[in-house]
Every structure is written in C-alpha cells, then in structure tokens.
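Asker: Show me the folded form of this:
(one chain, ligands or ions: 2)
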Amino acid sequence: MTQDATHGRPDIARRGLILILSSPSGAGKTTLTRAIAQDGGWGLDLSISVTTRARRPSEIDGRHYRFIDREAFEDLRTRDDLLEWAEVHGNFYGTPRRPVEKTLAQGRDMIFDIDYQGTRQVRQRLQDDVVTVFILPPSFSELRNRLERRAEDSPETIERRLANARNEMQRWSEYDYVIVNDDLDESFRALQAILTAERLKRTRRTGLPGFVDGLLAEAERGA
Ligand SMILES: Nc1nc2c(ncn2[C@@H]2O[C@H](COP(=O)(O)OP(=O)(O)O)[C@@H](O)[C@H]2O)c(=O)[nH]1
Ligand SMILES: Nc1ncnc2c1ncn2[C@@H]1O[C@H](COP(=O)(O)OP(=O)(O)O)[C@@H](O)[C@H]1O
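Answerer: Ligands and ions are numbered 1, 2, ... in the order given. Presented below is the predicted three-dimensional model:
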C-alpha cells in the first residue's frame, strides 16, 4: 500500500492526474488554483507557465509565471519544450513540458491554470489523465467589479479582458465540471470535492487489483 496525496491518508496506488482550471479573466481561477496548490495536504504541484505578457506589480518571476520575451518563447516552441501554448489577450502563454513529465512519472498530480485552447491540446495528449474545471462568475457585473478591485491592469487591459470574456464563457460546455464562483469558500470546497472524487475513480487506481487480491488471500486464511 502506498501513501496517497489526499491529506496523507494511506491509500491504494493510482496514476497521477492533471487538474485544469479555466475561466474568463477575473472569475477567480488563479485564486482557487493557488489556494489548493498551496495547501500542501492536497499534494498538487502547480505548473508555472511561461508568458510574454508584462509582469503585474504583485507578481514574482518564477513563482506566478516565468516572464520571457517573444524570441525566447519562439525558441521553446520550436524546440518542442512546450506541452501546449496559446495566444491569449494578445500575449503568448505556454506550459513547459519537462516539469509535467517529471511530476507525472513520480505518480504525483499537477494543477494547471490555462485557457480553453491549451486545455484542448492537453486533453488530446493526455486524455483520461486530465480533469477539467470551468469557473464562471456569478454575474457579468461582478466580473467587472473583480477586475477593477484587483487593480493590477490598466482600464484598456480590463476592457480587452471583458470583451474576450464573452467568447471564453461560451467554452463552459467543453469542461468536465463547472463551478460558479460566488462564495469563495464554497467554491474551494467544491474544487476539493472534485479532486477527491477523481482520485477515487476505479480506472485510475492501478493498485486495486493487488489490494483486492490481498483481501481475498486474507479471507482464505480465515482471518
Ligand atoms: N494556453 C495557456 N493559457 C495560459 C497559460 N498560462 C495562463 N494562461 C491563460 O491565459 C489567460 C490570461 O492569464 P493572465 O494574463 O494571468 O490573466 P488573468 O486571467 O486575468 O489572471 C488565462 O485564461 C490563463 O488561464 C498557459 O501556459 N497556457
Ligand atoms: N468568490 C470571490 N468573491 C469575491 N472576490 C473574489 C472571489 N474569487 C476571486 N476573487 C477576487 O477577484 C479578483 C480576480 O480573481 P483572480 O483569481 O485573479 O481571477 P482570474 O485568475 O480568473 O483572472 C481577485 O482580486 C480575487 O481576489
């Protein structure tokens, strides 16, 4: 029996999974992604994307994103070092391939905060190992409020993100789960419930046959 990553409880070996969160800008995907990744008990590694977008005042290079220029991005892309990439709001974003391969090879789980274009690419490559969650705002006016309260982007940037939100919101039906992020605590609990259920899926749990064989052997011995 191995140690599962769900709050340190002993569990049965299983394949690692990738949890993807997407949403229109301002709906709360970064907040939720970081909340569950930073709670070490959930054992989720956060994928740090590369981007050509300018760093926001509150962001730290290497922690929120790796901020690179267009040339460096092109290099990564042509060397096939990106698992997926997309142009979003006029900037380029991509997921470095190697950390993902390393984490999955260790049987650990990873969380991605990427858009719907990247989600399609990852799903195509990793199929059943991908679990996708779409975050919606409770209303469009609240989306605007959150972007304004976040106060990290210029008014033009906020308008561009709100204009793009109309297109992004329509992608909800491509995702496995949808959370309407009204109350943050409730949304966080919903995300935890999704992860817990997905980790318990029979088809991921490669250790189940051996575990049941052990139970049957124990029963044979008349324990
Ligand atoms: N495809 C893809 N999208 C990404 C990646 N990293 C971030 N994004 C998406 O790019 C969009 C813009 O992200 P960001 O500039 O941080 O703005 P925010 O959504 O307002 O927080 C969001 O939809 C992110 O999910 C990535 O590596 N690949
Ligand atoms: N449920 C919520 N209620 C109120 N404010 C929220 C909620 N979720 C996130 N926020 C706030 O809204 C803003 C946008 O959230 P963020 O996680 O940056 O969104 P995204 O990554 O989707 O662009 C942030 O200032 C964040 O603190």
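
Asker: Going by C-alpha atoms from here, please, whenever you check contacts or count neighbours.
Answerer: OK.

Asker: contacting residues for R202?
Answerer: R202 makes contacts with L208, as judged by Cα atoms under 8 Å, 6 or more residues apart in numbering.

Asker: can you check R160 too?
Answerer: With Cα under 8 Å, 6+ apart, R160 has these contacts: H89.

Asker: following the host helix or strand of it, which helix or strand comes up?
Answerer: Assigned by DSSP states H and E, R160 belongs to helix 155-169. Scanning forward in sequence from helix 155-169 by DSSP H and E, the next helix or strand is strand 177-180.

Asker: got the CA coordinates for that following strand in CSV?
Answerer: What follows is strand 177-180, C-alpha atoms only, in CSV (Å, rounded to 0.1, in the frame of the first residue of the first chain):
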residue,chain,number,x,y,z
TYR,A,177,-17.1,20.3,-14.1
VAL,A,178,-18.4,23.9,-13.8
ILE,A,179,-18.2,26.0,-10.6
VAL,A,180,-20.0,29.3,-10.3
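
Asker: Give me the distance from the helix holding R160 to the chain's centre.
Answerer: Centroid separation between helix 155-169 and its chain, computed with Cα atoms, centre = their mean, to the nearest Å, is 21 Å.

Asker: Kindly confirm my reading that T132 is in a strand.
Answerer: Yes: under DSSP: H, G, I helix; E, B strand; the rest coil, T132 falls within a strand.

Asker: For burial, what's the neighbour tally of the nearest residue to it once chain neighbours are set aside?
Answerer: Residue nearest to T132 in three dimensions, not counting chain neighbours: I20, with 4.7 Å by Cα to Cα, 6 or more residues apart in numbering. Applying other Cα atoms under 10 Å, we find 25 residues neighbouring I20.

Asker: and I20, bridged to which residues?
Answerer: Under DSSP bridges, the beta-bridge partners of I20 are F112, T132.

Asker: Could you report the distance from it to ligand 1?
Answerer: Going from I20 to ligand 1 by Cα to the nearest ligand atom, to the nearest Å gives 9 Å.

Asker: hang on, isn't that residue packed against Q117?
Answerer: No: I20 is not in contact with Q117 according to Cα atoms under 8 Å; the separation is 11.9 Å.

Asker: Now I36: closest residue in space that isn't a chain neighbour?
Answerer: In space, I36 is closest to W42, 6.8 Å off (Cα to Cα, 6+ apart).

Asker: For stretch 78-85, the averaged confidence score.
Answerer: Stretch 78-85 comes out with an average pLDDT of 97.

Asker: for stretch 26-35, same thing?
Answerer: 95.

Asker: So which residues make contact with that stretch?
Answerer: So stretch 26-35 is contacted by 21-23, 46, 111-113, 135-137, 143-144, 146-147, 181, 187-188 (Cα under 8 Å, 6+ apart).

Asker: one more time with 6 Å, if that's ok
Answerer: 136-137, 143, 146-147 (Cα atoms under 6 Å, 6 or more residues apart in numbering).

Asker: Equivalent analysis for stretch 134-142, please.
Answerer: 21-23, 27, 143, 172, 178-182.

Asker: now the helices: where do they sit in the chain?
Answerer: Listed in chain order, the helices of the chain (DSSP state H) span 29-38, 70-78, 97-105, 116-126, 140-150, 155-169, 184-199, 208-220.
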